[in-house]
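Trainee: here are the coordinates; sequence isn't available:
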């Protein structure tokens, strides 16, 4: 099931009411994807098969990923998302080589922030941000990239900051090829020629 908040509540209900087991996994980022595949495979007694699949899929994109990560390494990013995304997406952004200065959520729960704090111990966490706060964050930190929802898109561009919109409007970002799509889209935003004119 996809959706951290409502999906988890439904899974917990199904376990209590019908004894159907559940597990929390994330397919955003290579590390999360491999860990999740192994976790699911272990449950079904297919641990070795998961390792083979993970190795095969990662080997297909390994060299392309290395290129984009080398270009994005150390780029400063602000991540302000709606819903419960920061907990499971921040690791993918960090894995992409981004330095996340500020991370926040519009509708995140305490669990999302706990996960984000573990992944980003030195980042500033912001809850339920408004437009004035977003403007202050952009001016104070001068990021190389802003990752957020459509509400912040135009504000970011107004200040000349590249913007990656989530949920994505291009290809999926989940699993192996999805992580490559994420890297390509970040690269296109950060290195778009238009930013040289500002």
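Mentor: Now that the structure is in, tell me what you want to look at. Values in this document were obtained by computation on a predicted structure and should not be read as measured data.
Trainee: Could you use CA atoms for every contact and neighbour count after this?
Mentor: Noted.
Trainee: where exactly do the strands run in this structure?
Mentor: Using DSSP state E, the strands of the chain run over 76-81, 99-105, 124-127, 145-148, 163-165.
Trainee: In this structure, which residue is most central in space?
Mentor: residue 89 (2.4 Å; Cα atoms, centre = their mean).
Trainee: Wait, it touches residue 28, no?
Mentor: Yes. Between residue 89 and residue 28 there is a contact at 6.1 Å, judged by Cα atoms under 8 Å.
Trainee: Report the buried residues of the one helix or strand in the chain whose mean pLDDT sits lowest.
Mentor: The weakest-scoring helix or strand in the chain, judged by mean pLDDT, DSSP states H and E, is helix 110-119 (a mean of 82). Across helix 110-119, burial judged by 16 or more other Cα atoms under 10 Å covers 112-113, 115-117.
Trainee: How far does that helix sit from its chain's centre?
Mentor: On the basis of Cα atoms, centre = their mean, to the nearest Å, helix 110-119 sits 13 Å off its chain's mean C-alpha point.
Trainee: Please apply the same query to stretch 75-95.
Mentor: 4 Å.
Trainee: Same question for stretch 16-27.
Mentor: With Cα atoms, centre = their mean as the basis, stretch 16-27 stands 22 Å off its chain's centre.
Trainee: What is the end-to-end distance of that stretch?
Mentor: Its start and end residues considered, stretch 16-27 measures 26 Å (Cα to Cα, to the nearest Å).
Trainee: before we move on, what about stretch 132-149?
Mentor: 16 Å.
Trainee: residues in contact with that stretch?
Mentor: With contact meaning Cα atoms under 8 Å, 6 or more residues apart in numbering, stretch 132-149 is reached by 75-82, 101-102, 152, 155-156, 159, 161-167, 189-190.
Trainee: and if we set it to 6 Å?
Mentor: 75-81, 162-166 (Cα atoms under 6 Å, 6 or more residues apart in numbering).
Trainee: The residues you listed into TSV, with extra columns for neighbour count, pLDDT and distance to residue 48?
Mentor: What follows is those, written out as TSV (neighbours: other Cα atoms under 10 Å; pLDDT from 0 to 100; distance: Cα to Cα, whole Å):
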residue	neighbour count	pLDDT	distance to residue 48
75	16	96	37
76	18	96	38
77	25	95	37
78	26	94	38
79	23	92	36
80	24	89	38
81	27	84	36
162	23	96	42
163	25	94	40
164	24	93	37
165	18	90	37
166	17	84	34
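Trainee: Using a markdown table, lay out these together with distance to residue 41.
Mentor: Listed next are the contacts of stretch 132-149 as a markdown table, based on distance: Cα to Cα, whole Å:
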| residue | distance to residue 41 |
| --- | --- |
| 75 | 35 |
| 76 | 36 |
| 77 | 34 |
| 78 | 35 |
| 79 | 32 |
| 80 | 33 |
| 81 | 31 |
| 162 | 39 |
| 163 | 36 |
| 164 | 33 |
| 165 | 32 |
| 166 | 29 |
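Trainee: quick one, phi psi at residue 27?
Mentor: Torsion angles at residue 27 (phi, psi; degrees, to the nearest 10) stand at phi -110, psi 20.
Trainee: Count the residues that sit near it.
Mentor: 21 (other Cα atoms under 10 Å).
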